[in-house]
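Trainee: Can you look at this prediction? I've put the sequence above it.
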Amino acid sequence: MNQSIHSFGKELSDRLFDEERMYAYIEAYAAENHLEQTMRVLPYARGKHNGQFRKGKDKVPYIYHPLLVACQALALGLDEDDMVSAALLHDVCEDCDVAPEELPVNPATQKAVALLTKVYTGEKLDKKAYFSAIAENEIAVMVKLLDRCCNVSGMAAGFSREKMLEYIEETEQWFYPMIRSARESFPEHSNALFLLKYHILGVVETIKHLL
């Protein structure tokens with residue numbers, strides 16, 4: 001694909017890319033490569049997240065985030081239909097009151113999104129059980145790492161200092177071991193995992209130094 005999805009600004013912003021151009025890029029890629037599930041999921045995810053916004057001063061439509069995660073997947077060669085669909089849907093159940101079995105996708109993608117959806121007991125999440133289950137599922141673990149890569153990349157624009165420190169601690173505790181586990185369990189994704197680790201580690205260490 002020759003179509004560019006990049007746009008550049010002079011100030012630190014919650015929006016580094018244009019969501020309409022990302023949508024068009026994914027749509028064109030899916031059509032060209034016969035990703036039929038992704039073609040269904042694109043308008044579905046946009047509709048479910050309609051009216052929702054990312055945290056931050058710029059009031060970016062929430063769909064920006066799953067589109068960016070899906071574009072990251074494509075850029076890293078993680079272009080299987082299930083993977084891209086799960087990237088687009090990874091927050092739908094949690095944020096839009098949709099059950100995984102209601103998603104317009106196959107059972108494998110439904111299961112991955114179910115694993116990515118946080119389930120709280122009261123206000124508490126069993127993080128060990130949550131991350132352990134994700135680590136065993138090829139689709140879920142790659143989407144979760146893409147999601148974290150996206151979020152650490154933008155946290156300087158939208159997070160408070162305290163939130164960044166909390167996010168960094170969680171990343172070091174749960175995501176670094178997840179990357180190591182994924183390299184052993186899914187060696188076919190070793191190149192993508194290397195780049196994800198490189199990016200997440202680089203951003204985290206830079207922000208720790210600046211903080």
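Mentor: That came in fine, so what should we check first? What you are looking at is a predicted structure, and each value in this text was computed from that prediction instead of being measured. Numbers count the residues shown, from 1 in each chain.

Trainee: rest of the way, CA atoms for contacts and neighbours
Mentor: Noted.

Trainee: Pull up the per-residue confidence for N2.
Mentor: You'll see N2 listed with a pLDDT of 47.

Trainee: ugh, typo on my part, it should be Y176
Mentor: 98.

Trainee: what's near enough to touch it?
Mentor: For Y176, the contact set (C-alpha atoms under 8 Å, 6 or more residues apart in numbering) comprises K197.

Trainee: Could you list the buried residues of the helix or strand containing it?
Mentor: Using DSSP states H and E, Y176 sits in helix 176-185. Residues 176, 178-179, 181-183 are the ones in helix 176-185 that count as buried (16 or more other C-alpha atoms under 10 Å).

Trainee: Now do the very next helix or strand once past it against helix 176-185, angle only.
Mentor: Remark: after helix 176-185, the chain's next helix or strand is helix 190-210, criterion DSSP H and E. Per axes from the mean of the first three to the mean of the last three C-alpha atoms, to 10 degrees, the angle that helix 190-210 makes with helix 176-185 is 170 degrees.

Trainee: Just the CA trace of stretch 188-204, in PDB.
Mentor: Taking Å, rounded to 0.1, in the frame of the first residue of the first chain, the C-alpha atoms of stretch 188-204 are listed here in PDB:
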ATOM      1  CA  GLU A 188       6.800 -16.900  14.400                       C
ATOM      2  CA  HIS A 189       6.200 -13.400  15.800                       C
ATOM      3  CA  SER A 190       9.700 -12.900  17.100                       C
ATOM      4  CA  ASN A 191      10.500 -10.000  14.800                       C
ATOM      5  CA  ALA A 192       7.300  -8.100  15.700                       C
ATOM      6  CA  LEU A 193       8.000  -8.800  19.400                       C
ATOM      7  CA  PHE A 194      11.500  -7.500  19.200                       C
ATOM      8  CA  LEU A 195      10.200  -4.200  17.700                       C
ATOM      9  CA  LEU A 196       7.400  -3.900  20.300                       C
ATOM     10  CA  LYS A 197       9.900  -4.500  23.100                       C
ATOM     11  CA  TYR A 198      12.400  -2.000  21.600                       C
ATOM     12  CA  HIS A 199       9.700   0.700  21.300                       C
ATOM     13  CA  ILE A 200       8.100   0.100  24.700                       C
ATOM     14  CA  LEU A 201      11.400  -0.100  26.500                       C
ATOM     15  CA  GLY A 202      12.800   2.900  24.800                       C
ATOM     16  CA  VAL A 203       9.800   5.100  25.600                       C
ATOM     17  CA  VAL A 204       9.600   3.900  29.200                       C
END
